[in-house]
Each structure stands twice: as structure tokens, then as C-alpha cells.
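>>> 3D model of this:
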Amino acid sequence: MKVNSVSKHVTVVALLLLSTAAMAQNTELVKEKWHWNNKTRQDTTAGYAQVVKVDNVLYISGAVSTEITPEGITNVYRALEQSLKSFGTTFQHVVKENLYTTDIEAMKKYNYARKVFYNNDFPAATWVQVSRLYMSDAKLEVELVAHLPEK
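Numbers count the residues shown, from 1 in each chain. Purely as a prediction, here's the structure:
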């Protein structure tokens, strides 16, 4: 009986070690990228990709405008729309929006231009006024997180 008990314990330990080793081998994060039809799918000069997809989540880098006007805001959201379309989705799948601007009052004034894109299905959002953005003449930058529908 003692041998059977030891044999069972050895078998259980061996199975645990094998499953742990199998899980450890599968730790690589799979990322799909899109960057404005760039063959490398990323900007190697600045060091970023416009869209990174992990599992069913899209992380969309900021789109910018040099003016906070209805036209400037619309252009930012059209660029974001193109980023969403690169993975076959729309603003209805956006769950988080981060907006950075050098003039929060102007953004609030022209917010109606942004709201059109969400069709009354607004995401969680954070708006922050900053003193400057990466592009020195930019006045607005918006980034998104979207969840793709499960297939």
C-alpha cells in the first residue's frame, strides 16, 4: 500500500510540473498592429503604433488637431474612426476615451462635434487640460480603448 501511495504522489507531482511548464511556455503576448497603412505597422521614428490589438481589445494612440474648432474636432474623430475600421469596428465598441487639450473651455464649447460620433452611446471618458502635447502646435489629442465583439 505504501508503494501505491508514493506512486500516486509522484504521478500528481509530475502532472503539476508538466502543466506548469506548459503554461510557462505560453506567456508570450500576441499583438496585432496597424499604423496608417505603413508596411511595418508602426512608426519607428517616434516609436509607436497607431493601433495595437491584444485579444479582443484595441488600444488606439492619440489622433491630433492643431485647432479646437468643430472642423478640427471632426478631423480627429474621423482619424480615430479610421483606426477603429482598421480592425472592423466602430465607435459603438469604444469603452474608454482620454482627451488631452490645451484649451478645455474651447473643447467644452464644441463638444457637440465629438458627440455625433458616439450616437448617444458614450464611453467612460477623461478630459485633461495640458500645457503642451507631443506635437508642439497640437491643441487636441484623443486616444481610445475599444472592445471588439466576440466572434
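>>> per-residue pLDDT, the residue nearest the centre of the chain?
The centre of the chain sits closest to residue 59, judged by CA atoms, centre = their mean, with a distance of 0.9 Å. Per-residue confidence (pLDDT) for residue 59: 96.
>>> can you pull the contacts of the spatially closest residue to it that is not a sequence neighbour?
Among residues not flanking residue 59 along the chain, residue 52 sits closest, at 4.8 Å (CB to CB, 6 or more residues apart in numbering). Where you see a C-beta, it was placed from the backbone N, CA and C, and this is true even at glycine. Residue 52 makes contacts with 31, 32, 33, 58, 59, as judged by CB atoms under 8 Å, 6 or more residues apart in numbering.
>>> about what we covered before: what separates the residue nearest to the centre of the chain from residue 112, distance-wise?
Separation of residue 59 from residue 112 (CB to CB, to the nearest Å): 27 Å.
>>> got it, and residue 56?
31 Å.
>>> which one of those two is surrounded by more residues?
Per other CB atoms under 10 Å, whichever of residue 56 and residue 112 has more neighbours is residue 56, with 14 against 9.
>>> give me the number of residues near the residue lying closest to the more buried one once chain neighbours are set aside?
Spatial nearest neighbour of residue 56, excluding adjacent residues (CB to CB, 6+ apart): residue 148 at 4.3 Å. Counted with other CB under 10 Å, residues neighbouring residue 148 total 15.
>>> before we move on, what about residue 101?
22.
>>> same check on residue 65?
Residues lying near residue 65 (other CB under 10 Å) number 23.
>>> ok, now residue 126?
Neighbours of residue 126 using other CB under 10 Å come to 10.
>>> quick check: phi and psi at it.
Per-residue torsions, residue 126: phi -130, psi 130 (degrees, to the nearest 10).
>>> identify the residue spatially nearest to it, adjacent ones excluded.
Residue 126's closest residue in space is residue 98 (CB to CB, 6+ apart), at 5.1 Å.
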